[in-house]
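>>> curious how this folds, go ahead:
(one chain, ligands or ions: 1)
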Amino acid sequence: MRVVMLGAPGSGKGTQGEQLAAALGVPHVSSGEVLRGHGGPEVQAKMLAGELVDDALMETVMWTRLAEPDARGGLVFDGFPRDAEQATALDRHLMRTGERIAATVLLDAPRDELVGRLLARAEVQGRLDDNPATIARRLDVYETETAPLVTYYEGRGVLRRVDGSGDVAAVYARMMAALNHV
Ligand code: AP5
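Below is the predicted model of the structure:
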């Protein structure tokens, strides 16, 4: 099963996506993690500024990951696709390989709760893009570039809206209930 996790920075795509992947027995693929591990200086600069990295680069990275044997039976996408170009490219790619997105989980939480989570993580993990200016930019980029994908996936009948506020266990329970008949 292939599931896309959609939501603003701090909405819990990573936290919930990891648990979902474990429950489904498929890999959890975080585009941000891949970039933090392998991106060159230009990529790191974009991430630090809260801007999206180049679509073509991102797609090459993702197609390479999708071709790995562990992803053949499905996976949970976290952070990809992130704009209209990536979403249509993913559909084209999956059509070629005879696969499809079974569900897109939209995690929805208020902006002040998202900012609070990211600032709390900054104190513990020190992720470089978890500073107030970059967090604000990441949230704005989400609104302009990524939020339109809600309509895109709704139109395909695969969108599952989940209230992403509150504690991790409560969000997980809501997500699994929303995916019950997928
Ligand atoms: P990425 O790493 O994907 O960051 P993000 O989208 O900003 O997402 P986060 O990881 O901050 O949040 P999340 O929603 O995953 O929440 P999480 O579970 O981690 O991308 C980073 C950068 O890479 C982008 O800005 C861009 O530059 C580049 N990039 C990545 N993909 C790209 C693409 N496809 N195209 C172009 N560029 C791309 O939770 C956050 C925190 O909150 C954690 O500390 C967690 O423990 C905590 N938390 C989670 N849920 C709860 C809860 N319910 N209650 C309390 N705390 C919670």
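>>> rest of the way, CA atoms for contacts and neighbours
Noted.
>>> which bits of the chain sit near the ligand?
8-15, 31-33, 46-47, 50-53, 58, 79-82, 117-118, 121, 138, 165-168 (C-alpha under 6 Å from any ligand atom).
>>> any idea how far Leu114 is from Gly164?
Counting by C-alpha to C-alpha, to the nearest Å, the gap between Gly164 and Leu114 amounts to 10 Å.
>>> could you do Glu99 as well?
For Glu99, the distance to Leu114 (C-alpha to C-alpha) stands at 33 Å.
>>> same thing with Leu159?
Applying C-alpha to C-alpha, one obtains 21 Å for the distance of Leu159 from Leu114.
>>> try Pro41
Taking C-alpha to C-alpha as the criterion, Pro41 is separated from Leu114 by 27 Å.
>>> swap in Gln16?
With distances defined as C-alpha to C-alpha, the gap from Gln16 to Leu114 amounts to 14 Å.
>>> Gln86 versus Gln44, what's the distance?
Using C-alpha to C-alpha, one gets 20 Å for the distance from Gln44 to Gln86.
>>> hmm, back to that, buried only: go through the residues of the chain next to the ligand for me.
For the residues of the chain next to the ligand, burial is judged from neighbour counts taken by 16 or more other C-alpha atoms under 10 Å, and it is met by 8-14, 31, 47, 50-53, 58, 79-82, 117-118, 138, 165.
>>> among those residues, which are in helices?
Among these, the ones falling in helices (DSSP state H) are Lys13, Gly14, Ser31, Met47, Met58, Arg117, Leu118, Arg138.
>>> which non-adjacent residue is nearest the second one?
When you say that, I think you mean Gly14. Setting aside the residues directly before and after it, Gly14 is nearest to Asp78 in space (C-alpha to C-alpha, 6 or more residues apart in numbering), at 6.3 Å.
>>> what are the ranges of the helices in this protein?
13-24, 31-38, 41-49, 55-66, 84-97, 111-125, 132-141, 148-155, 168-178.
>>> for this structure, give me the ranges with low pLDDT.
Screening the chain residue by residue with the criterion pLDDT under 70, one finds no matching range.
>>> who's more crowded, Gln16 and Leu114?
For the pair Gln16 and Leu114, the greater number of neighbours falls to Gln16 (24 against 21), based on other C-alpha atoms under 10 Å.
>>> these two touch, right, that one and Ala173?
No. With contact defined as C-alpha atoms under 8 Å, Gln16 does not count as touching Ala173 (10.0 Å).
>>> list the residues that contact both of those two?
Overlap between the contact sets of Gln16 and Ala173, as judged by C-alpha atoms under 8 Å, 6 or more residues apart in numbering, is nil.
>>> what touches both of Gly164 and Leu114?
What both Gly164 and Leu114 touch, as defined by C-alpha under 8 Å, 6+ apart, is the set Ser11.
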